[in-house]
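Asker: I need the structure of the sequence given here:
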Amino acid sequence: MENKVIGRFGEELARDFLLRAGYSIKKMNLRAGYGEIDIVAEQGETLVFVEVKTRTSDKYGEADEAVDGRKLANLKKAVERILEEKGLSEREVRLDLVAVDIDRKRKAARIKHYKDIG
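Answerer: Model prediction:
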């Protein structure tokens, strides 16, 4: 249960980060056949699908280390399915990662944005 709460909190931080960076948020937690896209946003003419990874400890690595080849392949399949279902295949599209590492002691978060991961 705590992982879901931390994950949702990380998604909120990522959403706010993207809004401050000038993105327009279109949808949160969009289900697709191969999983879920955490954030769908627009930056100019580009439709941006964002995976958010949140960590409160480096026990299993930092948040940006959590997307492996299998996860990336599933994200790409999910994006393709969404584009096909919504008739958006002509759009310029990008897949990004927002990594959120939370330091509970300092009550601070470090957010890293990786553009075009796939």
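
Asker: how far away from the center of its chain is the helix or strand containing Leu75?
Answerer: Mapping Leu75 onto the secondary structure by DSSP states H and E places it in helix 69-85. Using CA atoms, centre = their mean, to the nearest Å, we find the averaged C-alpha position of helix 69-85 to lie 13 Å away from the chain's own average C-alpha position.

Asker: hmm, who's touching it?
Answerer: The set of residues that contact helix 69-85 without belonging to it, under CB atoms under 8 Å, 6 or more residues apart in numbering, is 30, 32-37, 40, 49, 51, 67, 88-89, 91, 93, 95, 117-118. Every residue, glycine included, has its C-beta placed from N, CA and C.

Asker: now do the contacts for the residue nearest to the spatial centre of the chain.
Answerer: For the chain, the residue lying nearest the average C-alpha position, counting by CA atoms, centre = their mean, turns out to be Glu51 (2.0 Å). Contact criterion CB under 8 Å, 6+ apart gives 37-38, 67, 71, 75, 95-98, 117 as the residues in contact with Glu51.

Asker: also Arg55?
Answerer: 61-63, 66, 99-102.

Asker: if we can go back for a sec, now secondary structure and neighbour count too, for the contacts of Glu51, in JSON lines please.
Answerer: Formatted as JSON lines, the entries for the contacts of Glu51 read as follows, by DSSP: H, G, I helix; E, B strand; the rest coil; neighbours: other CB atoms under 10 Å:
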{"residue": "Ile37", "secondary structure": "strand", "neighbour count": "22"}
{"residue": "Asp38", "secondary structure": "strand", "neighbour count": "24"}
{"residue": "Val67", "secondary structure": "coil", "neighbour count": "18"}
{"residue": "Lys71", "secondary structure": "helix", "neighbour count": "14"}
{"residue": "Leu75", "secondary structure": "helix", "neighbour count": "24"}
{"residue": "Leu95", "secondary structure": "strand", "neighbour count": "19"}
{"residue": "Asp96", "secondary structure": "strand", "neighbour count": "21"}
{"residue": "Leu97", "secondary structure": "strand", "neighbour count": "24"}
{"residue": "Val98", "secondary structure": "strand", "neighbour count": "25"}
{"residue": "Ile117", "secondary structure": "coil", "neighbour count": "16"}
